[in-house]
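can you look at this prediction? I've put the sequence above it.
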Amino acid sequence: MSKGRILSGMQPTGILHLGNYEGALRNWVRLQDEYEAYFCIVDWHALTTLYEDTKQIKENIRQVAIDFIAAGLDPDKCAVFVQSDVKEHAELHLLLSMITPVPWLERVPTYKEKQEQLQLESASYGLLGYPVLQAADILVYKANVVPVGRDQLPHLELSREICRRFNNIYGEIFPEPEAKLTEYPVLPGTDGRKMSKSYDNAIYLADSAEETTRKIRSMFTDPLKVYKNDPGHPETCPVFALHQVYNKAETEQIAHDCRAGTLGCVACKTRLAEAMNQALAQVRERRKELEDDPSKLDKILASGAEKARVIASETMKQVRSVMGIG
Ligand code: TRP
């Protein structure tokens, strides 16, 4: 039985890495069986920081969509769609913007951070309104639950405030959306720092088995383990951190042998690469299928948008009616 409706979104950043997979996608794949689920590639949100260079967006959307499906989102179970394909998000965003006090938006920590990070002289109206658009994404489906990472909590809180304010003024239309946090391991990249596209240390879902093996071989390890038979410190080693995620069956043995100085880093990396390539084989296969048949992806996104529109247009009818407009 369905527990309710979930919606989550991700910006079209291009191919996704294992950090994105473990941090969000893997969880979404599980949730699609428990909820009526909507997963949105938020291209309008991407414009809040990328407005000058939009040439890449189309291809980036495709790559993210391919990774969604390859990771196991099943278009028969959930809706995978592109935000700008469902114009109702924009209409609700406009209407919600009328009831959202500017100081609420100026208080959102990501607003200041983005301004500093991008060294913007003056932030755009769209960047300030980022959380209003996010609220529209959620409320237009009357989603009860929003699976997100911890970094999104301020945005979610604002969505809830906007929701309450709307309901107070116009009547109870929207259920208050709840964040669903999942604890997940922060994956280290090849240099031991957090895996991130901008650090150039990421392993991608789109990487081949050979590429993955090559990246694993180049990984940083415990700096105190210089020779093969030196005792190592798995708790500080990024290779071990990946074993804990992709090679659970062998983790204990590997920790033991590393500490004892009987397992060298080269052999340890070979075992990790094998385990990872096995764990990712199915994702890669599905990825290749979608790359080889672009029309298949087009159909998936079109039918996702159609499913989404059914709900979104119904909500907008109610919204227009209670607001007495349009
Ligand atoms: N702001 C989210 C992020 O950067 C993306 C997002 C947009 C989103 N709309 C959403 C997430 C609605 C959850 C629900 O990750």
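The structure has been received and is ready for your questions. All values derive from a computational prediction rather than experimental measurement.

from here on, just use CA atoms for contacts and neighbour counts.
Fine.

now the end-to-end length of stretch 66-77.
Start-to-end span of stretch 66-77 (C-alpha to C-alpha, to the nearest Å) is 16 Å.

neighbouring contacts of the host helix or strand of Thr251?
For Thr251, the host element (DSSP states H and E) is helix 251-260. Contact partners of helix 251-260, identified using C-alpha atoms under 8 Å, 6 or more residues apart in numbering, comprise 231-234, 240, 243-244, 263-264, 268.

and the closest residue to Met219 other than its chain neighbours, how many neighbours?
Spatial nearest neighbour of Met219, excluding adjacent residues (C-alpha to C-alpha, 6 or more residues apart in numbering): Thr190 at 4.5 Å. Residues lying near Thr190 (other C-alpha atoms under 10 Å) number 23.

tell me which residues touch Thr190, please.
Here Thr190 is in contact with 201-203, 215-216, 218-220, 238 (criterion: C-alpha under 8 Å, 6+ apart).

among those residues, name the buried ones.
201-203, 215-216, 219-220, 238 (16 or more other C-alpha atoms under 10 Å).

quick check: the farthest pair among those residues?
Within the buried ones among the contacts of Thr190, two members stand farthest from each other by C-alpha to C-alpha: Ile203 and Phe220, at 13.8 Å.

tell me the contacts of the nearest residue to Asn144 once chain neighbours are set aside?
Residue nearest to Asn144 in three dimensions, not counting chain neighbours: Pro177, with 4.5 Å by C-alpha to C-alpha, 6+ apart. Residues counted as contacts of Pro177 (C-alpha under 8 Å, 6+ apart) are 138-139, 142-146, 156, 159-160.

and with 10 Å instead?
By C-alpha atoms under 10 Å, 6 or more residues apart in numbering, the residues touching Pro177 are 5-7, 135, 138-139, 142-146, 156-157, 159-160, 163.

let me see the domain layout of the protein.
5-187+294-323, 209-279 (automatic domain parsing).

can you add mean pLDDT and distance to Lys288 and give those back as TSV?
As requested, those are exported to TSV (pLDDT from 0 to 100; distance: least, C-alpha to C-alpha, whole Å):
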stretch	mean pLDDT	distance to Lys288
domain 5-187+294-323	95	9
domain 209-279	95	13
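
in the stretch 101-250 of the chain, what residue lies closest to the ligand?
Of the residues in the stretch 101-250 of the chain, the one nearest the ligand is Gln134, at a distance of 4.1 Å by C-alpha to the nearest ligand atom.

which one of the contacts of Thr190 is nearest to Thr13?
Distances from Thr13 to the contacts of Thr190, taken by C-alpha to C-alpha, are shortest for Ala202, at 13.5 Å.

which parts of the stretch 151-300 of the chain are strands?
Secondary structure of the stretch 151-300 of the chain (DSSP state E, counting those that start in this stretch): strands located at 178-181.

next: the stretch 1-150 of the chain.
Counting by DSSP E, counting those that start in this stretch, the strands of the stretch 1-150 of the chain are 5-10, 36-41, 78-82, 145-148.
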